[in-house]
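1. Please work out how this folds:
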Amino acid sequence: MDKGLSLKDVRISKGGVPLLSITHDINPGEVLTVMGPSGVGKSTLLAFITGTLAPDFRAKGEVWLDGNNITHAAPHKRRVGILFQDDLLFPHLSVGANLAFGLQPGGNAAERLTKIEEALDEVGLSGFAVRDPATLSGGQKARVALMRMLLSEPCGLLLDEPFSRLDAALRAQVREMVFDRAKARALPVLMVTHDADDAQAAGGEIVTLGG
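-> Numbering: from 1, shown residues only. The predicted structure is shown next:
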């Protein structure tokens, strides 16, 4: 597969004990959901893809993204975006400065400011650049975290149970927003979750680990 995200015979073990095995292609704009109980290796798989796997794990296989083998690339060069359960916004920075952190290098100050304002407008947060993240609601923080990640121009998106801390109504809203933005940008998405509603909303294939 030239584009998208491809896991080629990925096998991860710990202490000589096999933990997970997966081979799968995720096309641009599609979502693969990985489900399974805690401790089965869902987040470990994401760590392998992002290049942050702890040294006590052993991994074999390859990760290809957008036609490139990124298995041994440095984490910051992999062009993989990830959203976690927590928004991980920098509390000492304004909303705009948080978004600026995600921007690719280059461009003058005016161009960068325009990108930030356009990102906020896309998720209904026009004028929020000067706000303190502490003043935002949970849903607003989730929107800012999403746009900060997208401003880094990733080639693929990983979701590590990013909706689990939101209440039911907000969860559906943020989930739809994330999937819509990923599809519009033709990003392959790998989501790990415990939640069957998340998996159903994703609309793609489901792989169950430890089942």
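
2. in stretch 174-188, what's buried?
-> Within stretch 174-188, the residues scored as buried using 16 or more other Cβ atoms under 10 Å are 174-175, 177-179, 181-182, 187-188. (Each C-beta comes from the backbone N, C-alpha and C, glycine too.)

3. I misspoke; the intended subject was stretch 150-161.
-> In stretch 150-161, counting by 16+ other Cβ under 10 Å, buried: 150-151, 154-161.

4. Could you do stretch 10-19 as well?
-> Buried-residue list, stretch 10-19, by 16+ other Cβ under 10 Å: 10, 12, 19.

5. Can you lay out these as TSV showing distance to A110 and pLDDT?
-> What follows is the buried residues of stretch 10-19, written out as TSV (distance: Cβ to Cβ, whole Å; pLDDT from 0 to 100):
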residue	distance to A110	pLDDT
V10	44	96
I12	46	95
L19	49	91
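
6. Now, the residues you listed that are in strands?
-> Among the buried residues of stretch 10-19, the members found in strands (DSSP state E) are 10, 12, 19.

7. which stretches of the chain aren't confidently modelled?
-> 1-2, 211 (pLDDT under 70).

8. What degree of burial does the residue lying closest to R112 once chain neighbours are set aside show, as a neighbour count?
-> Take R112 and drop its neighbours on the chain: the residue closest to it by Cβ to Cβ, 6 or more residues apart in numbering is L103, 5.7 Å away. By other Cβ atoms under 10 Å, 17 other residues sit near L103.

9. before we move on, what about F48?
-> 24.

10. That one against I12, yeah?
-> Yes - F48 lies in contact with I12 (Cβ atoms under 8 Å); the separation is 6.1 Å.
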